[in-house]
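[1] Just to be clear, the model below is a prediction. Sequence and coordinates:
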Amino acid sequence: MCRRVLVSFALITSVVLLSVDSTDAARRRSRNRNYSTGYKRVAPTWDEDSANYSQLSAYYDYEQAESEEVAFSDKMRVFLMLHGEEFQNDEQPLVAEVKLVDVSKPETTHILHYPVSLTRGSDDQYTHGVIDVTNHDSGEAIVKPGTVYRLFVNLHRKSATYDAESAIGRVPTPYYVATSGDSPLEKARQHIVMRTFREWYCVQRGWSRRGEYVMDCHDYYRWAAGSSTVGASYGRANLGRLFNGRYRNGSHIKALTDETPIHADYVRMPGHTFMLLGYDAERHEVLTMEGNFNHSIAVVVRSVSSGWTVGHLEQDHLRPDLFALPESELESENATAMYEGAAADENTGA
């Protein structure tokens, strides 16, 4: 009898302990979901539809694309550097097949065709190409103000139809670009993200980075926004002074996009900082620009987390003289040596 009682007591105790363990495990899983970083993946770096085309010795020229003179709100001017005999024949018109995606609507793709204007100086190593990506006269406006786009570009000989027969080849690597707008804030957002697109492209091509910053996610954002924001020192944004504690969380991103663009906005999560480029409402994902992502610079797709700290750029965050400064002066403020002397001013922005 006593033995049966002891066995029964042991069984009851085991059930209780298992129940407690299960409850604790469920609580931990719930807590981990609340603070989870979610899923992430690197954004596409090639277009599978043109993967069989020859890869051209062709490069995007972000130096020219960054100029305020070509920061349009209703079109995008793409500058190419083309190397090869096929681009030296001025009598052979070229047409660019542009696969265009608004990064906030990645499931919608537009395939458009535009003429390529070619020029070549006697001492130039490259043939220079220019593509104006514009809205067609009829139909909906595809190119809109204050928007980030990803482009894949294939070059064709002029033809009645454009397919593998007319294709010369594909320009390697996607081209990221943002349209501008009428307000200083829209212009500033375009200016900030175009700086990061240049750096990302240099890394993709294996070139030296142009900006003076350390490979650190937080410094990358501060460098990108530093030339545009008030309170910056030595080319770095002072995020504590800039946002002054007025942060949102990740759950506010959708509401923000209903009112204003979010590209160039700041996000901090435990151990990492990145920049927003766009929000996909269908999948509740964001496209981001990230420094020190696997020790490099990457454009990344992330699921949105309510645990993020979000700094939303506003008009009063901007330097009033931003678009009056020459480009050389903007770049000179980014010297790493000067930054190191002021690094102690702000070690964290969240």
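    Sure, I can see it.
[2] Pretty sure residue 162 sits in a helix.
    No. Judged by DSSP: H, G, I helix; E, B strand; the rest coil, residue 162 forms no part of a helix; its state is coil.
[3] Could you measure from it over to residue 98?
    Applying Cβ to Cβ, to the nearest Å, the value for residue 162 to residue 98 is 11 Å. The C-beta positions use only the backbone N, C-alpha and C, and glycine is treated the same way.
[4] Common neighbours of these two, please.
    Contact criterion Cβ atoms under 8 Å, 6 or more residues apart in numbering; residues shared by residue 162 and residue 98: residue 113.
[5] More neighbours: which of these two?
    Between residue 162 and residue 98, residue 98 has the larger neighbour count (other Cβ atoms under 10 Å), namely 20 against 17.
[6] Can you give the strand pairings for whichever strand or helix holds the more buried one, parallel or anti for each?
    When elements are assigned from DSSP states H and E, residue 98 belongs to strand 94-102. With DSSP bridges as the test, strand 94-102 is paired with strand 109-119 (antiparallel), strand 148-157 (antiparallel).
[7] what helix or strand is the nearest residue in space to residue 62 that is not next to it in sequence on?
    With Cβ to Cβ, 6 or more residues apart in numbering as the criterion, residue 62 has its nearest non-adjacent residue at 3.9 Å, and that residue is residue 198. Element membership for residue 198, per DSSP H and E: helix 184-205.
[8] ranges for the strands of the stretch 251-350 of the chain?
    Assigned by DSSP state E, counting those that start in this stretch, the stretch 251-350 of the chain shows strands spanning 266-269, 272-280, 285-293, 296-303, 309-311.
[9] mind listing what the fourth one pairs with, with the direction of each?
    Using DSSP bridges, the strands paired with strand 296-303 are strand 40-42 (antiparallel), strand 285-293 (antiparallel).
[10] Please identify the most buried of those strands.
    Of all the strands paired with strand 296-303, strand 285-293 carries the top mean neighbour count, a mean of 23, counting by mean count of other Cβ atoms under 10 Å.
[11] I'd like the average pLDDT over that one.
    Here strand 285-293 scores 97 as its mean pLDDT.
[12] who touches that strand?
    Against strand 285-293 from outside (Cβ under 8 Å, 6+ apart): 42-43, 103-104, 106, 148, 193, 196-197, 200, 213, 215-217, 219-221, 224, 253, 267, 272-280, 297-304.
[13] can we see that at 6 Å?
    Strand 285-293 has contacts (Cβ atoms under 6 Å, 6 or more residues apart in numbering) with 103, 196, 215-217, 220, 274-279, 297-304.
[14] what about it, distance to the chain center?
    6 Å (Cα atoms, centre = their mean, to the nearest Å).
[15] That strand vs strand 272-280, what angle?
    150 degrees (axes from the mean of the first three to the mean of the last three Cα atoms, to 10 degrees).
[16] Relative to residue 105, how far out is the residue sitting nearest the centre point of the chain?
    Nearest to the mean C-alpha position of the chain, by Cα atoms, centre = their mean, lies residue 289 at 3.9 Å. Note on residue 289: its distance to residue 105, by Cβ to Cβ, is 18 Å.
[17] Please list all residues in contact with residue 110.
    Per Cβ under 6 Å, 6+ apart, neighbours of residue 110: 100, 142.
[18] and the helix holding residue 198, what does it pack onto?
    strand 175-178, helix 217-226, strand 296-303 (3 or more Cβ pairs under 6 Å, 6 or more residues apart in numbering; DSSP states H and E).
[19] Show me what the longest one is packed up against.
    Secondary-structure packing of helix 217-226 (3+ Cβ pairs under 6 Å, 6+ apart): helix 184-205, strand 272-280, strand 285-293.
[20] Please name every helix or strand in contact with the second one.
    To tie it back to what came earlier, the one meant is strand 272-280. The elements that strand 272-280 packs onto, with contact taken as 3+ Cβ pairs under 6 Å, 6+ apart, are helix 217-226, strand 285-293.
[21] Just put the ones you listed in CSV and tack on distance to residue 235.
    Formatted as CSV, those follow (distance: least, Cβ to Cβ, whole Å):
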stretch, distance to residue 235
helix 217-226, 5
strand 285-293, 15
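[22] Please look at residue 166 and residue 157 and confirm they touch.
    Yes. Counting by Cβ atoms under 6 Å, residue 166 does reach residue 157; the two are 5.2 Å apart.
[23] Other residues contacting the helix holding residue 198?
    62, 66, 71, 146, 173, 176, 178, 180, 209, 211, 224-225, 228, 261, 263-264, 289, 296-297, 315, 318.
[24] pLDDT of that helix, averaged?
    For helix 184-205, mean pLDDT rounds to 96.
[25] Repeat that for stretch 269-282.
    The model assigns stretch 269-282 a mean pLDDT of 97.
[26] Contacts for that stretch next, please.
    103-104, 106, 148, 217-218, 221, 253, 257, 262-263, 265, 267, 286-290, 308.
[27] same check, this time on stretch 96-107
    109-114, 116, 131, 133, 147-156, 162, 277-280, 287.
[28] With stretch 154-167 instead?
    Against stretch 154-167 from outside (Cβ under 6 Å, 6+ apart): 50, 53, 93, 94, 95, 96, 97, 168, 170.
[29] so how many other residues sit close to the last one?
    Taking other Cβ under 10 Å as the neighbour definition, residue 170 ends up with a count of 23.
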